[in-house]
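S.K.: just need the structure, nothing else, for what follows:
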Amino acid sequence: MLLNKKGALRLALMAGASFIVAGQTQAQEAQAQAQVEETTEVTIIGRRPLAESQAAAMRTQKNSDSLVTVLSADAIGDLPDQNIAQAVSRLPGVGIERDQGQGRYVNLRGAPRYWTTLSFDGLSVVSPEGRQTRFDNIPSAIASQVTIQKAIVPSMPGDTVAGNVDIRTRRAFDYKGQKITGKLGLGHVELGDGQEIDASLVYSNIFLDGKLGVVAQASFYSREMATENWETDPYATPRAVDTSKRFAVDTKNKHYRLYRENTSASLRLDYKLNADNTIFASTIYSDFYDDELRDQFIFNLETGTNAAGVAYNSDANFTASDPKRGTVYGVRTNARITYRDNHDTMSTNTVGGEHHFGNGLDASWRLNYTWTENRGDNPAEIRFRSGSNFASRPTVDYDFRDTTSNFVQLFRTTGTTTARTKGDRVMNIEDFAMPLNQISMLEAAEETKAWTGKVDFDYQTELFGRETKVEFGGLYTTREKQNLEYGFSGSTSGSTLTYSQFAQDGDYLGEQYLGYTFRYSNKDAVLNAIATSRGTTALTQNLANYWKVSEDITAAYLMATTQFDWGNIVYGARVESISNTGEAYTFVGSTNNGLLETSSDETLVYPSVHLNWNLSDRLKARFGLTTSASRADFDDLRPNFTIDDTADTISGGNPDANPEKQVGLDAYLEYYGSNDTFFSAGVFYKDISDVLLSTSTTYGKDDLDVTGFDRTNYAYSTVINGGDGHIQGLELFASTTAESLVESNGLPKWLGGFGVRASATFTESELNLGARTISLSGTSDSVYNVQAIYEKYGLTVRLAAQYRTPWLQEVGSYTTVAGKMVPNGNGDIYWDKDLEVDLSVRYQINKNFEVFFDGVNLTNDGSARYGDTDQYPIEYEKFGKRYIAGVRFNF
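M.R.: Below you'll find the model as predicted:
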């Protein structure tokens, strides 16, 4: 590839990369595009997609009036990044939380995930799951550019705290005439021997003499897999006889077989009325489908005894036994078959316009309707439980010494009630009698409807003798979210059904040591049993889990950007008036106490100021003072309990939860070098009041029990305002290639293809709960991203690794025993350290085709959670390696 000094930038344009600065008007976009098109022609021998996208990203970041990090469409295609969460995880200051080995939530600069907001083309939307935005349901194929806005300005929603992920969709006017791009990949998933498919197609063209632009996009992704899993959860509260010991209440294995599918489609029409006025209409659809077959075996250790018949959870056992390894006689054993059929669906539809009135005045407007549905159906839930006679239950040897491999071994229980003995070992768990305990199904959906109207103006003028852009505007949003559940619970009286009647022969799909054997359930047999049990019975609405919450937001902002010889200052304020209502039925056990309605109103003001200082052509300093407030999620504002008998959880709403308020400071230094060289370093601090805490304890009461469901040991979670605190940190990033070094020293040119990108974020947070101090949820002490790159002669290779230290998931409860503060149950729940290593290889065959190979999770590291300390793990899962290869095309 032959490039002059501006070659990389022109190359980005020729490849169709988008690098429009966030917040620019239509006229400014056109001017920037024209300036680049006027550059000298470049001769292309082989594309360098990483260099192209880096040039586009650096230009956007340098010209932005606030702190942003940018990812272009080319960069998204370089790694095995099927969804937006995986894509942005390569950027500095970004950590992700995974589900079944797939990126789902985004943590910016070590902050809680609910501090990250989502927008499409600058318009904020709410994820189907709520304010804790899921990014695994947004395919990366939908985006031409992703901008992470870390510095909050008044034109952004006030609940943007850590930052906003803005997805810029493709526009036909980004390209010259017709453009068709796409990819097709086929892959293999090691664990479960499943197939992976990744396909996308984009068509763009301009009609009516350059006035009408049309761009359509579609994508499809699917993956079949199995998951290795064990859970030792919950733990019993330590006893006064020995507070150092924590005994497990249950240990279990969840044997997952999964099929996941992500489908998207979008259409955008842009029409140029004239040089100064453009209108557009767009629609974006995305559906994330999760078909989960789960066969679960639960060993309820607390129901057993020692050899003398003394209860497992007694003081005597706490004194004499080892919580890490031992034997429990007559343990109640449960088998559960659960089929989950979940859809996470979003449809967002927008009409709008961009208008240039002359005399320095520009305007834009948007009207949007967004519909989302978080659907969680359980077509089948069948439970089996061993009887009350200890001799029919297994004796269990448990071994929890290895925090990555908890397992049990099963034996017959012999002897008498007070002199129990261990009989012959039993390998097949189906050999133990476990009569039918429950048969049911459920249809459930959280539906959100939102209407938004937004108008923005900017006016070029002078203030205090300085060139100033004044921006002002307003927004009105009304949102309503409700949860509906309909279910069926069949009779178990006189049933002779056993787990074995639903089991099918076949090999275990995992590799972990279980200590016993089992057979997976047969889906058709299970669904037929549900249909037979139900017959013609209609599903009944579960009013106990009904709730509806609404939110109306009226907002206005005023801000200005004043230019100086050395840079500019961005300053202003946003005002938001927020009204919430909620309704739900309140139940005690099966008794309906009627519909409860709640409401609240408040007005919040968010001032901010930013200083951008051009120390030289290459060196830029940024300083910011911001304010923000994050509100409790919609389901957290409901005035009732929600019970999930599949997951053994109870969650409670808190309509009195106050907004969590933050005041933040940022100071960053950025260096823009040549030949893809960029360095940045920054510090950040946020002071927080009324921190929203996700708390988790064991419910511990029987007032919600109904026939067939003992909910005493269910995990109970809710949100509370937990006190005041802070978060502070340091973010570092470096990106460079060997090209300059090779040229200046006359080394072989092929060496110039080597490069590296590395980032590190170090975070410290503190929340004062009064009796103790904890870190904020989602905060890792450190997050590292390292990418080793080779790009030359049409070949692009990138080996990427992300590592983050443990982070708090939920705040637990603690109590004082024998003068010592100890966990009440699990205590605080943490995700353990996380590592993922991925490889991407691309080779350009010609200007129209390239082949690719991606390897994901190459080290196959496990995903683990623990309670209070890492010596007491509560969950460990492994998902296996994945490989996919295919072809990309570009016409």
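
S.K.: okay, now the unreliable bits of this structure?
M.R.: Along the chain, the parts satisfying pLDDT under 70 run over 1-47, 73-80, 588-589, 675, 696, 703.

S.K.: determine the longest helix present in it.
M.R.: helix 49-63 (DSSP state H).

S.K.: CA-only coordinates of it in PDB, if you can.
M.R.: Taking C-alpha atoms only, helix 49-63 is exported to PDB below (Å, rounded to 0.1, in the frame of the first residue of the first chain):
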ATOM      1  CA  PRO A  49      -8.900  -2.200   7.800                       C
ATOM      2  CA  LEU A  50      -7.400  -1.600  11.200                       C
ATOM      3  CA  ALA A  51      -5.500   1.400  10.000                       C
ATOM      4  CA  GLU A  52      -8.500   2.700   8.200                       C
ATOM      5  CA  SER A  53     -10.800   2.500  11.200                       C
ATOM      6  CA  GLN A  54      -8.100   3.900  13.500                       C
ATOM      7  CA  ALA A  55      -7.700   6.900  11.300                       C
ATOM      8  CA  ALA A  56     -11.500   7.500  11.300                       C
ATOM      9  CA  ALA A  57     -11.800   7.100  15.000                       C
ATOM     10  CA  MET A  58      -8.900   9.400  15.800                       C
ATOM     11  CA  ARG A  59     -10.300  12.200  13.600                       C
ATOM     12  CA  THR A  60     -13.600  12.000  15.300                       C
ATOM     13  CA  GLN A  61     -12.100  12.000  18.800                       C
ATOM     14  CA  LYS A  62      -9.700  14.800  18.100                       C
ATOM     15  CA  ASN A  63     -12.500  17.100  16.700                       C
END
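
S.K.: what helices or strands is that helix leaning on?
M.R.: helix 7-14, strand 68-72, helix 73-78, strand 143-149, strand 660-672, strand 782-792, strand 795-804 (3 or more C-beta pairs under 8 Å, 6 or more residues apart in numbering; DSSP states H and E). (Glycine included, C-beta is placed from N, CA and C.)

S.K.: of those, which is nearest Asn846?
M.R.: strand 795-804 (13.7 Å; C-beta to C-beta).

S.K.: buried ones in that closest one?
M.R.: Within strand 795-804, the residues that qualify as buried are 796-804, counting by 16 or more other C-beta atoms under 10 Å.

S.K.: now stretch 775-790
M.R.: 775-785, 787, 789-790.

S.K.: export those residues to CSV and tack on distance to Ser863?
M.R.: Shown next, in CSV, are these (distance: C-beta to C-beta, whole Å):
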residue, distance to Ser863
Ser775, 20
Leu776, 21
Ser777, 17
Gly778, 15
Thr779, 18
Ser780, 14
Asp781, 18
Ser782, 18
Val783, 16
Tyr784, 17
Asn785, 18
Gln787, 22
Ile789, 27
Tyr790, 30
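
S.K.: out of these, who's nearest Tyr714?
M.R.: For these, the residue nearest Tyr714 by C-beta to C-beta is Ser777; the value is 20.9 Å.

S.K.: isn't that closest one up against Gln809?
M.R.: Yes - with contact defined as C-beta atoms under 8 Å, Ser777 and Gln809 form a contacting pair (6.4 Å).

S.K.: measure Tyr369 to Ser282 for me?
M.R.: Note on Tyr369: its distance to Ser282, by C-beta to C-beta, to the nearest Å, is 12 Å.

S.K.: equivalent analysis for Leu273, please.
M.R.: Leu273 sits 17 Å away from Ser282, going by C-beta to C-beta.

S.K.: one more: Asp781?
M.R.: Counting by C-beta to C-beta, the separation of Asp781 from Ser282 is 41 Å.
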